[in-house]
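Undergrad: what follows is a predicted protein model with its sequence.
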Amino acid sequence: MALMAELTAAIAVANVSQLLRQNAIVPVEPPLGASDFTLPELGGGSGSLSDFHGKWVLLTFWASWCGPCRMEMPTLERLHRQRQESDLAVVGVSLDSSRELAASFAEELDLSFPQFWDEQGRVGADYSASAIPMTYVIDPAGRVVGASRGARDWWSLAPMLDSLLAEPPTAEDASTGYSQPGPVELPAVLDPPSAEVVLVESSPRVGEEFHLDIRMSWAGSLDEVLLQPPKVRLPEGVTIDNVVASTDSRDGGNVIFYRVTLRAARPGSFALDPVELRYIPRSTGNPVVSLVDGPTVEVQATGLDAITPGHLALAGGALVLLATAVLVYKQRRSAASAPRDSRAERYQALRARFDAGRALRLEGRLAELALALAELELELADDETERSRLEGLIETLRFGGQVPPSPELDRMQRNVERQIEELRPDPDSAARSRLRMRNETS
């Protein structure tokens, strides 16, 4: 009888693992006892993970600064609202350092499923949530059976979750599998990239360029991830001039170096913190983000900083007068020499760039072609959402070293050519315009 119960439990675990694997969720084999915790809730009071014993649980770790978290939260909320009467619980844990920021984020997205606040990051550390969003599938016995790193559409996985809900209970479901607080050992495939951040020049002067080196490393193969350039959160007065990337392999691991060129407009102490690491696992296509600490740079003053505000005001007034005179002069010159058909000139310029891009394809320079097409699409786009998407794509193409697949390049090329051809001027418009002017003056 005991042997039959063990066999039944093993079959159930195998069924669950297969179902998760089919939906790009990493199965945890054998299942591990979920680390229990008690935390304050964003809505007030406190609660524990084990309060959901007897239900399937989606435990997701997020933060208000995490762009991918913002993408997937509405899908978790929809799943919660549609399945809250079933034996499925959606549970969130915020890793924000500020409770107010976390609560504002939850209110903005109208999140109604239970939300805990992990102020110290202890629970996040136990669940290896150093890169988020991170979501665990926990069975009714309180065991972690699957893990998913990165943003995804959880509502599209409702059929899979319904299949889990239909799994017959086993003898183990009768007792809790929730363990005492402590680390949960995850499959190595979920290890996120790590990074070392080094400030090359510690005391640059105002207006001089200085550099931040970011050494990003991860286990596995370069083909397994689509890296995106790291994002440095800059204080006011510091700007980025350029980002250059190069790849390497050391000790069996992959490494990519990013050199960020920065410049400060005024003296002072500036925290270049945090640095945001971003990547997309190719197996899931789900964007992931994590934060690492950045350094502080001490920007030194130059001789120009001795100039008084009075000097600047006098010089500024003179410059304004000079600039006004130059502007009026240029406007008059432009009016006198302006082309009669700017639409035709724009069409010709865009067409020349497009033809140059087609030549790149013939030469096999696909990375350069993709960047050229994306820049043309951005110039032709008039929708803000599309422009934002294209700006992100250009950043990835320029610094990530990745080439879109051939069907995507074909789509981009067709789209650009169609939009450019829509700008082709009417060859008879100039003749009609001259005839109209002649009739008006006669």
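TA: Nice, I can see it. Computed from a predicted structure; not experimentally measured.
Undergrad: tell me who's in contact with the closest residue to Y258 other than its chain neighbours.
TA: Closest residue in space to Y258, ignoring its immediate chain neighbours: I214 at 4.3 Å, by CB to CB, 6 or more residues apart in numbering. For the C-beta atoms, the positions are set from N, CA and C on the backbone; glycine is no exception. Counting by CB atoms under 8 Å, 6 or more residues apart in numbering, I214 makes contact with 195-197, 230, 257-260, 275.
Undergrad: could those residues go into TSV alongside neighbour count and pLDDT?
TA: As requested, the contacts of I214 are exported to TSV (neighbours: other CB atoms under 10 Å; pLDDT from 0 to 100):
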residue	neighbour count	pLDDT
A195	22	85
E196	12	89
V197	22	92
P230	25	87
F257	15	86
Y258	22	90
R259	14	92
V260	24	93
V275	22	90
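Undergrad: any low-confidence regions in the protein?
TA: Within the chain, the stretches with pLDDT under 70 are 1-13, 169-176, 187-191, 219-224, 248-253, 283-284, 303-341, 363, 398-402, 426-442.
Undergrad: can you map out the helices along it?
TA: 2-22, 67-83, 99-108, 122-126, 158-165, 309-337, 342-362, 366-380, 384-399, 406-421, 429-441 (DSSP state H).
Undergrad: tell me the buried residues in the shortest one?
TA: Within helix 122-126, the residues that qualify as buried by neighbour count (16 or more other CB atoms under 10 Å) are 123-124, 126.
Undergrad: separation between the closest residue in space to E368 that isn't next to it in sequence and L409?
TA: Counting by CB to CB, 6+ apart, E368 lies nearest to L360, which is 5.0 Å off, once chain neighbours are set aside. Counting by CB to CB, to the nearest Å, the separation of L360 from L409 is 11 Å.
Undergrad: what of V403?
TA: For V403 relative to L409 (CB to CB), the value is 8 Å.
Undergrad: overlap in contacts, those two.
TA: In contact with both V403 and L409: 366, 370, using CB under 8 Å, 6+ apart.
Undergrad: partner residues bridging the residue nearest to Y258?
TA: I214 has these beta-bridge partners by DSSP bridges: V197, Y258.
Undergrad: L226 pairs with what?
TA: If you apply DSSP bridges, the partners that L226 bridges to are I280.
Undergrad: that one is in contact with Y279, isn't it?
TA: Yes. Using CB atoms under 8 Å, L226 is in contact with Y279, at 6.6 Å.
Undergrad: name the residue in the two with the higher neighbour count.
TA: Y279 (23 against 17; other CB atoms under 10 Å).
Undergrad: my read: that one touches P193, true?
TA: Yes. Using CB under 8 Å, Y279 is in contact with P193, at 6.0 Å.
Undergrad: what's the overlap in contacts for these two?
TA: Counting by CB under 8 Å, 6+ apart, the residues touching both Y279 and P193 are 218, 225, 227.
Undergrad: now the first one: how far from P281?
TA: Here the distance between W218 and P281 works out to 10 Å (CB to CB).
Undergrad: give me the common contacts of those two.
TA: V225.
Undergrad: now do the domain split for the chain, please.
TA: Per automatic domain parsing, the domain ranges recorded for the chain read 2-190, 194-299, 303-333, 342-421.
Undergrad: surely V416 touches E377?
TA: Yes. Between V416 and E377 a contact is recorded at 5.8 Å, counting by CB under 8 Å.
Undergrad: between these two, which has more neighbouring residues?
TA: Per other CB under 10 Å, whichever of V416 and E377 has more neighbours is V416, with 22 against 19.
Undergrad: so who does that one touch?
TA: 354, 357, 373, 376-377, 380.
Undergrad: can you rerun that using 6 Å?
TA: Shown in contact with V416 (CB atoms under 6 Å, 6 or more residues apart in numbering): 354, 373, 376-377.
Undergrad: list just the nearest of the residues you listed to W117.
TA: E377 (41.4 Å; CB to CB).
Undergrad: wait, the closest one touches E391, no?
TA: No. Counting by CB atoms under 6 Å, E377 does not reach E391; the two are 10.5 Å apart.
Undergrad: related to what we said a few turns ago, among the contacts of V416, which one has the most neighbours?
TA: L373 (28 neighbours).
Undergrad: how about that one: what's its closest non-neighbour residue?
TA: Per CB to CB, 6+ apart, closest to L373 is M412, 4.3 Å.
Undergrad: likewise for D36?
TA: Y178 (4.3 Å).
Undergrad: next one: E417
TA: Leaving out its chain neighbours, the residue that sits closest to E417 by CB to CB, 6+ apart is F354, at 6.3 Å.
Undergrad: please report how far the one you found lies from E386.
TA: 18 Å.
Undergrad: got it, and L380?
TA: In terms of CB to CB, L380 sits 10 Å off from E386.
Undergrad: now do T75
TA: 22 Å.
Undergrad: the more surrounded of the two?
TA: Taking other CB under 10 Å, T75 and E386 do not tie; T75 has more neighbours (17 against 13).
Undergrad: P204 touches F210, doesn't it?
TA: Yes. The pair P204 / F210 is scored as a contact, 3.8 Å apart, by CB under 6 Å.
Undergrad: which ones are touching I25?
TA: 146, 148.
Undergrad: phi, psi of it?
TA: Here is the backbone geometry of I25 (degrees, to the nearest 10): phi -110, psi 130.
Undergrad: who touches the spatially closest residue to L59 that is not a sequence neighbour in this structure?
TA: Leaving aside its sequence neighbours, L59 sits nearest to Y136 (CB to CB, 6+ apart; 4.5 Å). Y136 makes contact with 59, 144, 147 under the criterion CB under 6 Å, 6+ apart.
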